[in-house]
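K.L.:
the sequence and its predicted three-dimensional model are supplied below.
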Amino acid sequence: MSSSTAGTRAGGARGPDLAGGPPTTAGVIAMGNLDARIEGLTSQATRGRLTADGWGELVELTALRGHVRGRIDETERAASLAETFVDQAPRDPRSLLARARLRGLFHRFAAALDDLDAAAALGLDRRTVDEERAAVCQTVGRYDEALALLRQGLSRRQDFRTLGAMARCHAESGEADEAETWFLAARRAYRGVSPFPLAVLEFQCGQMRLAQGRLVSARTWLESAASRLPSYVPTQGRLAETDAAEGRMAVAIERLRRLALISDDPDYTSRLARLLCQSEASAEARFWRAHAGARYEELMARHPEAYADHAAEFWLTVGGDPQRALRLARHNLVLRATPRAHALVDRAMRRVGQCRR
């Protein structure tokens, strides 16, 4: 798919036409089914009756629920379950795969790659190994390596999984129009009924377009994801950003207030404090700023690799400590030499320079 045709095929300034997309199970039913499945698997684990496949599913579904609900504590629980899985089945490549994925989520990239190497040595299929390695490579900014691995997968099979992986890699590398073409191709290739994979895909494309300032396209993708899964917290958070960028500050603030009460991710309280400051609601802004700052302190103590960039953004803006932001941004750049990581360092350096003047 060439970038010369991507802009036209991806919908241009009007945003893509996502009407008539793949039908999926109602979000409230899907969330109920997810909760019930996790409860059943947990019960089996407690009684010592969970199979290796069941352990892998429990880790995956717990991490998924943590992502959808914006609950870091749930993702931490998934990481703990993955460690238990490895303890119980250290020679099973499925346990190492589960732990590699969670280590990747918390930006422990070297450890994740070690697990993937060990899983490959124990017989994990090449397609899965290559896709997981590609995900790590693109996250740390090694886009050429990631694309080479993904193209090998495409040569063997083109489906929702491989097309979506290509879309994410192009999105991370800054090739937004090319990425959106792959996102659309992956969406057309979806054959399931669960709303989770498709809502995550649509969220990722919407997030990419929002970062570009393509607000119409961003809202189109994000609202499609939200219609499939209304309780999808990250999508609601990006819609709040879109609202604010469109000048709908009251709507954005109210949306973020709801998220701040149900999510333990300080990203939402930080954004809420920032918008409240702009709206001159200083007392409430101070409350949420203090809440976000305390939460970032906790997360940096436990997962410094994963939250250095988010904490840097907080201290650079509403947190009011650009020197600290610069230290964290530089730490993040060592871990992930991505365009966004470089941009964060540049912003922090400019802010520190302004404060010195």
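P.N.:
That came through fine.
K.L.:
which residues touch Q278?
P.N.:
Applying CB atoms under 8 Å, 6 or more residues apart in numbering, we find Q278 in contact with M249. (Each C-beta comes from the backbone N, C-alpha and C, glycine too.)
K.L.:
any idea how far it lies from V318?
P.N.:
In this structure, Q278 and V318 are 10 Å apart, going by CB to CB, to the nearest Å.
K.L.:
so which helix or strand of the protein has the lowest pLDDT on average?
P.N.:
Among the helical and strand segments of the chain, the one scoring lowest on mean pLDDT, DSSP states H and E is helix 3-9, with a mean of 37.
K.L.:
need the contact partners of the very next helix or strand once past that one.
P.N.:
Next along the chain after helix 3-9, taking DSSP states H and E as the criterion, comes helix 27-46. Helix 27-46 has contacts (CB under 8 Å, 6+ apart) with 24-25, 50, 54-55, 57-58, 61-62, 64-65, 68, 81, 194-196, 199, 228-232.
K.L.:
please list only the buried members of these.
P.N.:
By neighbour count, with 16 or more other CB atoms under 10 Å, these hold 24-25, 50, 55, 57-58, 61-62, 64-65, 68, 81, 195-196, 199, 228-229, 232 as buried.
K.L.:
OK, contacts around T235?
P.N.:
Contacts of T235 by CB under 8 Å, 6+ apart are A199, F203, G206, L222, A225, A226, L229.
K.L.:
could you check the angle the helix or strand hosting the second one makes with helix 27-46?
P.N.:
In this structure, F203 is located in helix 195-212 according to DSSP H and E. When axes from the mean of the first three to the mean of the last three CA atoms, to 10 degrees is applied, the directions of helix 195-212 and helix 27-46 differ by 120 degrees.
K.L.:
buried stuff in helix 195-212?
P.N.:
195-210.
K.L.:
next one: stretch 330-347
P.N.:
R330, H331, N332, L333, L335, R336, T338, A341, L344, V345, R347.
K.L.:
and the contacts of that stretch?
P.N.:
With CB under 8 Å, 6+ apart, stretch 330-347 has contacts from 107, 109, 139-141, 172-174, 304-305, 308-309, 312-313, 316, 326, 329.
K.L.:
swap the cut-off to 10 Å and go again
P.N.:
By CB atoms under 10 Å, 6 or more residues apart in numbering, the residues outside stretch 330-347 that reach it are 107-110, 138-143, 172-174, 211, 300, 304-313, 316-317, 322, 325-326, 328-329, 348-349.
K.L.:
please apply the same query to stretch 139-148.
P.N.:
By CB under 10 Å, 6+ apart, the list of residues contacting stretch 139-148 reads 104-105, 107, 109-110, 112-113, 130-131, 133-138, 149, 154, 165-166, 168-170, 172-175, 333, 335-342.
K.L.:
switch to 8 Å and redo it
P.N.:
104, 107, 109, 134-135, 137-138, 166, 169, 172-173, 335-339, 341.
K.L.:
and those residues, which of them are in helices?
P.N.:
Among the contacts of stretch 139-148, the residues falling in helices (DSSP state H) are G104, F109, A134, A135, C137, Q138, M166, C169, E172, L335, P339, A341.
K.L.:
ok, which pair from those residues is furthest apart?
P.N.:
Using CB to CB, these span at most 23.8 Å, a distance reached by M166 and L335.
K.L.:
and which of the ones in helices among the contacts of stretch 139-148 is nearest S95?
P.N.:
Nearest to S95, judged by CB to CB, of those is G104 at 15.1 Å.
K.L.:
what sits against the closest one?
P.N.:
Applying CB under 8 Å, 6+ apart, the residues near G104 are A112, E132, A135, V136, T139.
K.L.:
the third one - nearest residue in space that isn't next to it in sequence?
P.N.:
Nearest residue to A135 in three dimensions, chain neighbours excluded: G104, at 6.5 Å (CB to CB, 6 or more residues apart in numbering).
K.L.:
gap between the one you found and D267?
P.N.:
From G104 across to D267, the span is 19 Å (CB to CB).
K.L.:
excluding chain neighbours, what is closest to A189?
P.N.:
The nearest residue in space to A189 (CB to CB, 6+ apart) is F160, at 4.6 Å.
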